[in-house]
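Engineer: here is my input, please return the structure:
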Amino acid sequence: MKVQLNTGFMNKNKDENLLPKNDIHRRIIHLDMDAFYASVEMRDHPELRHKALVVAHDPREYHGHGVITTANYLARQYGVGSAMPAIKAVQQVPKDLLVFVPPNFEKYRAVSAEIHEIMHEVTDKVQSVSLDEAYLDVTQNKLGDYPSVALGNYLQEKIYRQTGLTSSFGVTYNKFLAKMGSEYAKPFGKTVILPEEALDFLAKQDISKFPGVGKKTQVLLREMGINTGADLQQVSVQFLIDHFKKMGYVLAMHSRGIDLSPVEWQRQRKSIGKERTFEPSIFEEQTALTQLRKYSNEVAKILQEQNLMATCVVLKIRDTNFETVTRRRMLKKATTDGHEIFAQARWLFQALPEFLERGIRLLGVSVTNLEQKQYQETNLFETL
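Structural biologist: So this is what the prediction gives:
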C-alpha cells in the first residue's frame, strides 16, 4: 500500500496539536566509541591493524557456531558486522585478511571505566547505554562556560590521548538527535545539529537511520512510500498513530526533531539481574541450569547486600537465530533467597525446550518488583 503523501491530511493545526511543545534549551552529547572491542584489540595488537579483525570465536573451531560481537571498519567493507553469524565472515572476507579474536569482556569493562571517568570530569549527568556509549547532559557542566562542541572535543581528544581509542559524538538539544549525530559522523567525527537545522538534517536521513526503527517497521514504511525523514514529515501525525500506535507517535515526534526524554543519570533501581552471552552456544540442559543457578545466587546476594526483596523472577533467553524472549513468574511473597529464585527460573526455562534444540546464545535471570526490607529477621533464641 502506497500513501499519497500530499493528500488526506487532517487540519495542520489540529495535527500539530497532537505533539508536545519542543524543548530546544538543553545541550546533549551522545558519545560513541568507534568499533570499540575491535579497536581495543588493534590497540593492544598493532600487528592486526591492517587485518579484517572480527571479535568472535573462530567458527571453524566451533562447528560453524558463533556470533560476531563487533568488527573493525576494514571487515565492515566486506559486509561483516555485529550480531551476524561468525561463519559469514569466513564466507565474505578474503582468507589472508581475516583474523578472529575471542572477546575479552573483562578488559573491555576496564577500558570502559577509564572512559566513563573522563566523562564525569565534564558532568555527572551521564547515562550509560553500554560499555561504549553514553548520553551526557552538559547544559550545566563542571568545566565552565564553554560551547557544547568544545566539551565534545575535550572528551574526544582526552579519550584518544589516554586510551589510544577514537570516538564519535553528536551535539544538539535532545538525546534522539544527538545519537543520530554521532552515527552520522563515524568514525572519529563530530556532528553539531543546531535547532534551526534539525528539520533539514532529519529530512535527508533514510528511515533506517532513525534509532528504534527496526527492519520490520522499515519494510512497512517503505511499502507505504515512506523512505526518508522528509516523507515522515509530510505524513500526518494521526496517520502514523493509526498505523503504528505508540511507535507511530514516536516517529512523528522524532521526524519533527522532538524528544523530551531526560538524560537518566539518577534512576531508582527497578530490577537486578545477571546475564551472559555464550560462544559457543549452549545445547545441554544441565549446562544451562548450572548457569541459571549461578545467576540466581548472584542476584540473591545483591538483594541481600542492598536490603531489598523481590516478588517477580524474570528469565531472559536468546537462541542462535537471535530470537529473544522474556518470561516472568510472580512469587507468593517477597524473597531474597537464591534457591527460590532459581526454582522459578528453572520452571520458566523448562517451559521453553525449543531454545535448547536451536542452541542458547544468551541466558539471564533478573528480579523485579523490588521493595525495601523493613526489618531484619532474628532468631530470638540466639539472643538468650
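Engineer: please parse this structure into its domains.
Structural biologist: 28-34+106-196, 37-105, 197-255, 271-372 (automatic domain parsing).
Engineer: now those domains as CSV including mean pLDDT, distance to residue 20 and mean neighbour count?
Structural biologist: All C-beta atoms are positioned from the backbone trio N, CA, C, and that covers glycine. Output for the domains of the chain, formatted as CSV (pLDDT from 0 to 100; distance: least, Cβ to Cβ, whole Å; neighbours: other Cβ atoms under 10 Å):
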stretch, mean pLDDT, distance to residue 20, mean neighbour count
domain 28-34+106-196, 95, 12, 18
domain 37-105, 96, 34, 18
domain 197-255, 95, 7, 17
domain 271-372, 92, 28, 17
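Engineer: how about the nearest residue to residue 141 once chain neighbours are set aside, what does it touch?
Structural biologist: Closest residue to residue 141 apart from its sequence neighbours, by Cβ to Cβ, 6 or more residues apart in numbering: residue 123 at 4.6 Å. Counting by Cβ atoms under 8 Å, 6 or more residues apart in numbering, residue 123 makes contact with 136, 137, 138, 140, 141, 142.
Engineer: how about 6 Å then?
Structural biologist: By Cβ atoms under 6 Å, 6 or more residues apart in numbering, residue 123 lies in contact with 136, 138, 141.
Engineer: which residues does residue 331 contact?
Structural biologist: With Cβ under 6 Å, 6+ apart, residue 331 has these contacts: residue 311.
Engineer: please redo it, this time with the cut-off set to 8 Å
Structural biologist: Shown in contact with residue 331 (Cβ under 8 Å, 6+ apart): 310, 311, 312, 313, 340, 344.
Engineer: show me which pair in those is furthest apart.
Structural biologist: Across those, no pair lies farther apart than 312 and 340, at 11.9 Å, counting by Cβ to Cβ.
Engineer: so residue 171 sits in a strand?
Structural biologist: Yes: according to DSSP: H, G, I helix; E, B strand; the rest coil, residue 171 belongs to a strand.
Engineer: residues contacting the residue lying closest to it once chain neighbours are set aside?
Structural biologist: Residue nearest to residue 171 in three dimensions, not counting chain neighbours: residue 148, with 4.6 Å by Cβ to Cβ, 6+ apart. Residue 148 makes contact with 27, 29, 138, 171, 192, according to Cβ under 8 Å, 6+ apart.
Engineer: could you measure from residue 148 over to residue 222?
Structural biologist: 35 Å (Cβ to Cβ, to the nearest Å).
Engineer: residue contacts, residue 49?
Structural biologist: Applying Cβ under 8 Å, 6+ apart to residue 49 gives the contacts residue 42.
Engineer: can you do 10 Å?
Structural biologist: With contact taken as Cβ atoms under 10 Å, 6 or more residues apart in numbering, residue 49 is in contact with 39, 41, 42, 43, 72, 74.
Engineer: what separation is there between it and residue 310?
Structural biologist: Relative to residue 310, and taking Cβ to Cβ, residue 49 is found at 47 Å.
Engineer: what does residue 201 give?
Structural biologist: When distance is defined by Cβ to Cβ, residue 201 is 44 Å away from residue 310.
Engineer: could you do residue 200 as well?
Structural biologist: Residue 200 sits 48 Å away from residue 310, going by Cβ to Cβ.
Engineer: got it, and residue 128?
Structural biologist: Distance from residue 128 to residue 310, by Cβ to Cβ: 23 Å.
Engineer: which stretches in the stretch 51-200 of the chain count as helices?
Structural biologist: For the stretch 51-200 of the chain, the helices defined by DSSP state H, counting those that start in this stretch cover 73-76, 87-92, 105-122, 148-163, 175-185, 198-203.
Engineer: one step back: report the two of the contacts of residue 49 separated the most.
Structural biologist: The span of those, defined through Cβ to Cβ, is set by 43 and 74 at 15.1 Å.
Engineer: surely residue 256 and residue 232 touch.
Structural biologist: Yes: using Cβ atoms under 10 Å, residue 256 is in contact with residue 232, at 8.4 Å.
Engineer: identify the contacts common to these two.
Structural biologist: residue 202.
Engineer: distance from the chain centre to the longest helix along the chain, please.
Structural biologist: The residue-count maximum for a helix in the chain (DSSP state H) belongs to helix 285-305. Relative to its chain's centre, helix 285-305 lies at 24 Å (Cα atoms, centre = their mean, to the nearest Å).
Engineer: tell me the strands beside the helix or strand following it, with direction?
Structural biologist: For helix 285-305, the succeeding helix or strand toward the C-terminus, using DSSP states H and E, is strand 308-319. Partners of strand 308-319 in the sheet, by DSSP bridges, are strand 324-335 (antiparallel), strand 360-372 (antiparallel).
Engineer: next one: the longest one to chain centre, how far?
Structural biologist: How far strand 360-372 lies from its chain's middle: 17 Å, per Cα atoms, centre = their mean.
Engineer: same deal with the shortest one?
Structural biologist: Put simply, strand 324-335 sits 23 Å off its chain's centre (Cα atoms, centre = their mean).
Engineer: how close does residue 51 sit to residue 83?
Structural biologist: Distance from residue 51 to residue 83, by Cβ to Cβ: 21 Å.
Engineer: now do the SS call for residue 348.
Structural biologist: Strictly by three-state DSSP, residue 348 counts as helix.
Engineer: surely it meets residue 330?
Structural biologist: No: counting by Cβ under 10 Å, residue 348 does not reach residue 330; the two are 11.5 Å apart.
Engineer: okay, and the common contacts of the two?
Structural biologist: residue 313.
Engineer: surely residue 168 meets residue 189?
Structural biologist: Yes: between residue 168 and residue 189 there is a contact under Cβ under 10 Å: 5.0 Å.
Engineer: between those two, which contacts overlap?
Structural biologist: Contacts common to residue 168 and residue 189, judged by Cβ under 10 Å, 6+ apart, are 34, 156, 181, 182, 183.
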